[in-house]
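**Student:** what's the 3D shape of this:
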Amino acid sequence: MVIGTHNRRWWTQCVIVLTLLVSGHAFAAPIYEQEMDAAWLASNAMFPSRTPTLEGSGSVLRFAASGVDNRDYDVLLEVPLTQAGVLPAGATVAIDISASPLSSDNDLKVGITDGVSVVVFERSDNNSGMGRLLDGDRLGPWLPVGIQADMDYSFEMFTNAGMPVEFSALFTLGQTETSVYGQIGTSTGTATASRLLSLDSPLSLVLLADDDWEEYGINRINVSVVPEPASLSLLAFGSLAILRRRKK
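**Tutor:** Coordinates of the predicted model:
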């Protein structure tokens, strides 16, 4: 049986939800939820380092190579998610992204910043498709001075995942640690960041490049920010019902 793109996305969401339910997590209603297609991103995101172009009749946001030698971890885009102090400990940010690799060397990173630290999940072309957690610091104000992040910690979560267009990450914002659950195809993994994202600061979605010559095509990003995990018994059925309604 051939599964279409829409159905694959739905099944990916189901796998994430079921995995979290089995591990004892279920979620309350989102306090921020946004489907960001290429046109939405072009109109609403900030682009600190590279100016993208809309291609494919407006369905792809393309980031060409930077043209600046030896410049790593460009901040490709930033989208504000929450204000300071609105999330309790244990809140989660789910990110589902569709991104076409436009160069053979392609290591796209998606994650969150609190204005000081950056924590990301990477879909890497290394090791036949690798999922990796990275974290680091912002280098001053991104607009107009700073256009890069200083990533100095990484943890390999899994390999041999291939390079599918779609991949997902779930960030859990704890009081004492920030953890990441990543998924590429059927490969999954969990890791704890070396830095703690502060719930007392505004949070933003970020995409990071890897090397200056890599190119990226962003089709869409779906983001959902939910408060502290609630009762498994009360919310398990409701979470799956929501996903089923989205499929229709």
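**Student:** quick one, domains of this structure?
**Tutor:** Split into domains by automatic domain parsing, the chain comes to 1-27+230-248, 29-228.
**Student:** ranking these by burial, who's on top?
**Tutor:** A comparison of the domains of the chain by mean neighbour count, using mean count of other CB atoms under 10 Å, puts domain 29-228 on top with a mean of 18. Placement of C-beta: from N, CA and C, glycine included.
**Student:** which SS class is the closest residue to Ile184 other than its chain neighbours?
**Tutor:** Nearest non-adjacent residue to Ile184, counting by CB to CB, 6 or more residues apart in numbering: Ala161, 4.0 Å away. Under the three-state scheme (DSSP: H, G, I helix; E, B strand; the rest coil), Ala161 adopts coil.
**Student:** enumerate every residue touching Ala161.
**Tutor:** The neighbours of Ala161, taking CB atoms under 8 Å, 6 or more residues apart in numbering as the test, are Arg123, Ser128, Gly129, Met130, Gly131, Ile184, Gly185, Thr186, Ser187.
**Student:** picking that back up, reformat the domains of the chain as JSON lines; add mean pLDDT.
**Tutor:** Shown next, in JSON lines, are these (pLDDT from 0 to 100):
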{"stretch": "domain 1-27+230-248", "mean pLDDT": "45"}
{"stretch": "domain 29-228", "mean pLDDT": "90"}
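**Student:** quick one, helices of the protein?
**Tutor:** In the chain, the helices defined using DSSP state H lie at 5-22, 38-44, 232-247.
**Student:** so which residue is dead centre in this structure?
**Tutor:** Val110 (3.6 Å; CA atoms, centre = their mean).
**Student:** that residue bridge partners, please.
**Tutor:** Beta-bridge pairing for Val110 (DSSP bridges): Phe121, Leu207.
**Student:** same thing with Thr188?
**Tutor:** Beta bridges link Thr188 to Gln183, judged by DSSP bridges.
**Student:** touching, it and Leu170? I think so.
**Tutor:** No - using CB atoms under 8 Å, Thr188 is not in contact with Leu170, being 10.0 Å away.
**Student:** and for these two, which residues touch both?
**Tutor:** Joint contacts of Thr188 and Leu170 (CB under 8 Å, 6+ apart) are Tyr181, Gly182.
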